[in-house]
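>>> Take a look and give me a structure for this.
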Amino acid sequence: MNLITVSALNEKIKSLLEATFMHIRLEGEIASVTYHSSGHIYFSVKDDRSTLRCVMWRSNAARLKFRLEKGAHVVIDGSVGVYTPRGEYQMIAVSVEPYGRGALAVAFEQLKKRLEAQGYFAAERKKPLPRYPRRIALVTAVGGAALQDMLKIARRRWPLTELIVVDTLVQGEGAAESIARAIAYADTLGADIIVTGRGGGSAEDLWAFNEEAVAEAIFQAQTPVVSAVGHEVDTLISDFVADLRAPTPSAAMEMILPDQNELLRTLDERADRLRRRMRELLRSSEERLRREEEALKRASILSRLQSALEEFARLRRDYREVIRYRLSQFEGELLPLQRRCDETIRRQLARQEGRVKILEEQLRLQNPRQRTREGWAEVSLDGRRVPLEHLDPEMEFQLTDAQSRLRARVLHKEPLDTKVR
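Coordinates of the predicted model:
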């Protein structure tokens, strides 16, 4: 058996594998993914038993329509490559497609979800459109039918508006970047509205308006932007980001421009209302003048009535003066009488206060507790105050003064002679 070096073995394996697996189609689930700053994509795919490393070089990655994400079920076209210095093999991916779904549909949903999370579709950031735009920038292909449709409707509805056409690619390679640059330029022209759009086509034809570059240009524009792409059934990322979505380019002009014929009809109606109002005012003024003439005829009667009213006012003032004078006289007569009444009341109160003090003193002297405070003792039997004549020999009673209480017994009872000698 011949000896072989490691490098030689790896070279043989490389030649064998790369010759055997030049064109393969692989199904698997993305297990990990890394977008390198160089533009290459490094990822791995797996099934329920194995994992395989993959790489997509920058040239192929640039054509990828959607973003690779962990967990995505994909189909990979490519070949097997061997890195001989480490003896490792990997799949060189040429294209990647979502399993069972179109790449464009997945890319659309991915970008829509991400932009919505960043607030690109928020209603509060939508800019209002002026009712009577003076200048509109049309971002579209100069040779397209959409431009002619928009110009025709603009001339019919509101020819006073100035239209500026900003030419751009609307499909194919580089179209998204061209549209984004055209929107940014239109934003510098002082227009009231920017309309960006094109006519109908396949999903691939309209795809430029689903690119992030176009969404970013619309979002950053200071001028209100109308997205008018394709037909009514087409809904694109630009429709969500724009300040107004129109189903077609023609519909966009119908939506943003007033109708001069309708406006003229409105002006005629308002002029008719104004004429009717003027006639009503004239009739009202004539009636008012007629009443003024009649009032002048009655002026002499009113003058006499005014004189009578002034005389009545004078008599009323005189009557009030007489009443005030009589009241002042009555006040002078009542003042001495009031003083005498006050003096009589004070004397009566003084006499009554003296009698109250005498009665208070008598009550104080009759109060048994007052007498005990003066040294007298109170005789009580079974808690009730009693005179001595109610006590019999051998009966127990209590003696109470201000400081103490005694229990005592009657030893002897002797009546006193109460006759006054």
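>>> Return the helix or strand in this protein with minimum mean pLDDT.
For the chain, using mean pLDDT, DSSP states H and E, the weakest element among its helices and strands is helix 368-373, scoring a mean of 62.
>>> quick one: low-confidence parts of the stretch 251-400 of the chain?
Within the stretch 251-400 of the chain, the stretches falling below the threshold (pLDDT under 70) are 299-302, 333-334, 337, 364-375.
>>> Helices of that one, start to end?
Along the stretch 251-400 of the chain, the segments classed as helices by DSSP state H, counting those that start in this stretch run 260-297, 299-366, 368-373.
>>> what does the stretch 1-150 of the chain give?
For the stretch 1-150 of the chain, the helices defined by DSSP H, counting those that start in this stretch cover 6-20, 58-61, 103-117, 145-157.
>>> any idea which of the ones you listed is most buried?
Among the helices of the stretch 1-150 of the chain, judged by mean count of other CB atoms under 10 Å, the one packed with the most neighbours on average is helix 145-157 (a mean of 17). All C-beta spots, glycine's among them, are computed from the backbone N, C-alpha and C.
>>> Report the angle between that helix and helix 260-297.
On the basis of axes from the mean of the first three to the mean of the last three CA atoms, to 10 degrees, helix 145-157 is oriented at 20 degrees to helix 260-297.
>>> Quick one: mean pLDDT over the following helix or strand past helix 145-157.
Sequence order places strand 162-167 as the next helix or strand after helix 145-157, per DSSP states H and E. Strand 162-167 comes out with an average pLDDT of 97.
>>> how far off helix 145-157 does strand 162-167 point, in degrees?
180 degrees.
>>> Got the domain ranges for the protein?
What automatic domain parsing lists as the domains of the chain is 6-101, 130-258, 298-366, 371-409.
>>> Turn these into CSV, including distance to residue 281.
Conversion of those to CSV gives the following (distance: least, CB to CB, whole Å):
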stretch, distance to residue 281
domain 6-101, 70
domain 130-258, 31
domain 298-366, 26
domain 371-409, 104
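>>> Report the contact partners of residue 408.
Residue 408 makes contact with 396, 397, 398, 399 under the criterion CB atoms under 8 Å, 6 or more residues apart in numbering.
>>> Could I have the PyMOL command that selects the buried members from the residues you listed?
Only the buried members of those end up in this PyMOL selection, burial being decided by 16 or more other CB atoms under 10 Å:
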select buried, resi 397+398
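>>> So which of the contacts of residue 408 belong to strands?
Using DSSP state E, the members of these that fall within strands are 396, 397, 398, 399.
>>> Can you give me every residue that contacts residue 134?
By CB under 8 Å, 6+ apart, residue 134 lies in contact with 160, 161, 162, 192.
>>> Make JSON lines from these and add distance to residue 255 and neighbour count to it.
What follows is these, written out as JSON lines (distance: CB to CB, whole Å; neighbours: other CB atoms under 10 Å):
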{"residue": "160", "distance to residue 255": "17", "neighbour count": "11"}
{"residue": "161", "distance to residue 255": "13", "neighbour count": "20"}
{"residue": "162", "distance to residue 255": "18", "neighbour count": "14"}
{"residue": "192", "distance to residue 255": "14", "neighbour count": "17"}
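>>> ok, back up a step: among the helices of the stretch 251-400 of the chain, which is the most enclosed?
Between the helices of the stretch 251-400 of the chain, helix 368-373 has the highest mean count of neighbours, a mean of 13, where neighbours are mean count of other CB under 10 Å.
>>> nearest to residue 43, of the contacts of residue 408?
Proximity to residue 43 was ranked across the contacts of residue 408 by CB to CB; first place goes to residue 398, at 116.3 Å.
>>> Skipping adjacent residues, who's closest to the closest one in space?
Here the nearest residue to residue 398 in space, its sequence neighbours aside, is residue 380; by CB to CB, 6 or more residues apart in numbering that works out to 4.9 Å.
>>> Residue 30 now?
Residue nearest to residue 30 in three dimensions, not counting chain neighbours: residue 72, with 4.9 Å by CB to CB, 6+ apart.
>>> Tell me how far the most centrally placed residue in the chain lies from residue 35.
When the chain is reduced to its mean C-alpha position, the nearest residue by CA atoms, centre = their mean turns out to be residue 124, at 11.3 Å. For residue 124, the distance to residue 35 (CB to CB, to the nearest Å) stands at 32 Å.
>>> what kind of secondary structure is residue 227 in?
strand (DSSP: H, G, I helix; E, B strand; the rest coil).
>>> Next: the one 5 residues further on.
Using three-state DSSP, the structure places residue 232 in coil.
>>> Around it, how many other residues sit close by?
10 (other CB atoms under 10 Å).
>>> Would you check that it makes contact with residue 250?
No. Under the criterion of CB atoms under 8 Å, residue 232 makes no contact with residue 250, lying 10.9 Å away.
>>> sorry, back to before: please tell me how far the residue nearest to residue 30 sits from residue 153.
Distance of residue 72 to residue 153, given as CB to CB: 44 Å.
>>> Any idea what the residue nearest to residue 398 is bridged to?
For residue 380, the beta-bridge partners are residue 385, residue 398 (DSSP bridges).
>>> OK, contacts around it?
With the criterion set at CB under 8 Å, 6+ apart, residue 380 makes contact with 386, 397, 398, 400.
>>> Now do the contacts for the first one.
Residues in contact with residue 386 (CB under 8 Å, 6+ apart) are 379, 380, 397.
>>> ok, now how distant is it from residue 396?
As it turns out, when the distance is counted by CB to CB, residue 386 lies 12 Å from residue 396.
>>> now, which of the contacts of residue 380 sits nearest residue 28?
Looking at those and their distance to residue 28, the nearest is residue 400, at 117.0 Å (CB to CB).
>>> Not counting its own residues, what contacts stretch 201-221?
Taking CB under 8 Å, 6+ apart as the criterion, the residues outside stretch 201-221 that touch it are 104, 107-108, 111, 115, 120, 169-172, 175-181, 183-184, 186-187, 194, 196, 198, 200, 225, 227, 229-230, 234, 236-238, 241-242.
>>> Emit the PyMOL select command for whichever of the residues you listed are buried.
For anyone working in PyMOL, the buried entries among the contacts of stretch 201-221, judged by 16+ other CB under 10 Å, can be selected with:
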select buried, resi 104+107+108+111+115+120+169+170+171+175+176+177+178+179+180+181+183+184+186+187+194+196+198+200+225+227+229+230+236+237+238+241+242
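>>> Among the contacts of stretch 201-221, which ones are in strands?
Using DSSP E, the members of the contacts of stretch 201-221 that fall within strands are 194, 196, 198, 225, 227, 229.
>>> Right, I'll call it a day here.
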